[in-house]
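In: sharing a model prediction with you, sequence too.
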Amino acid sequence: MNSNNKKQELVEEDISNNAAIHSMAVMEQWGNNEIYNEERWLERARHAARKTLEGMFELGRALIVLKEHTEHGRFAEIANAELGLHEREARRLMNATRRFATPQMQKAQAKLMDLGKSKLLELLVEEDDTLVALADGGELNGHTLDDFDRMTRNELRDAIRTAREDTEAARKVSADKDAKINRLTEQLEKQKTAKTKEPDAADVGSHITMVLASTEVAARSQISRIKPLFEELVAHGEAGGFNHRPVMVGCLNQLIADIEQLRGLFDLPDEVPQDDIEPEWMQGRE
């Protein structure tokens, strides 16, 4: 054995001895002089976290009783002076307690409580049905309960906020499209009621085509937002050793399935037909 290997062994032995000494000191102060075992202390941490959450609901029940028996100003004073709680925090605890008082949410309570207090409170912006489905093994915006468990509270909050923003954007696009169609329908009905000239077929066809084009642009814009999310998943997976490929593939497969369903519903070919007769209202238009 050469001198370099011998030095390396001595260094490693020194590090091991220092780690053992440190562990003994920690266990003497905090661990009742037990021998450290990760699984045992992880289970104790889980138990303590669960008791903390149970205490949170017990505190919520107490706050509800106090709130219902005191005037507004008095309740805020009690929460702040006696319990060290800002009124906003007290209301969050009461709302969480009320949410989990229903039979539906009680079924999901045990699994959701494993996430911890801060993450649980963040998730309560979602509907009860959504949270129950998540606890039963479903997904929330492409994330499972295990995904949320691995996230930090801020990562979970950002994931929920991004998903809600995407949903709101999609709703806005859908609302704009519906508004345009409703305006067109209203105009046609007014013309029929007034017994005026029927709307020109070319104008109607052109308008519907523009609405379709606008909808297509909006859909493609939403799809383009998937690429940076995929890049974040890949980076996160490489850094932490996680496999996000099933979620990514599932996302793409669902989009493809939705498109193919439309193609089959209207019996559309894969390629744009070149020999179909162009509608008269389209002729001479770009």
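Out: Ah, there it is. Because the structure is predicted, anything quoted here is derived from the model rather than measured.
In: list the buried ones in whichever strand or helix holds residue 202?
Out: Secondary structure from DSSP states H and E places residue 202 in helix 201-224. Residues 207, 211, 218 are the ones in helix 201-224 that count as buried (16 or more other Cβ atoms under 10 Å). Heads up, the C-betas are built off the backbone N, CA and C, glycines and all.
In: may I see these organised as TSV, with pLDDT and distance to residue 94 added?
Out: Conversion of the buried residues of helix 201-224 to TSV gives the following (pLDDT from 0 to 100; distance: Cβ to Cβ, whole Å):
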residue	pLDDT	distance to residue 94
207	80	51
211	84	46
218	85	40
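In: tell me the one of those residues nearest residue 160?
Out: Of all the buried residues of helix 201-224, residue 218 has the smallest distance to residue 160: 22.4 Å, by Cβ to Cβ.
In: residue 224 versus the closest one, what's the distance?
Out: 11 Å (Cβ to Cβ, to the nearest Å).
In: again, but for residue 59
Out: Taken as Cβ to Cβ, the span from residue 59 to residue 224 is 46 Å.
In: check residue 57 too.
Out: 43 Å.
In: and what of residue 85?
Out: Distance of residue 85 to residue 224, computed by Cβ to Cβ: 44 Å.
In: what's the answer for residue 263, then?
Out: Counting by Cβ to Cβ, the gap from residue 263 to residue 224 is 21 Å.
In: now do residue 31
Out: For residue 31, the distance to residue 224 (Cβ to Cβ) stands at 52 Å.
In: equivalent analysis for residue 144, please.
Out: For residue 144, the distance to residue 224 - Cβ to Cβ - is 25 Å.
In: avg pLDDT for stretch 137-153?
Out: Mean per-residue pLDDT for stretch 137-153: 82.
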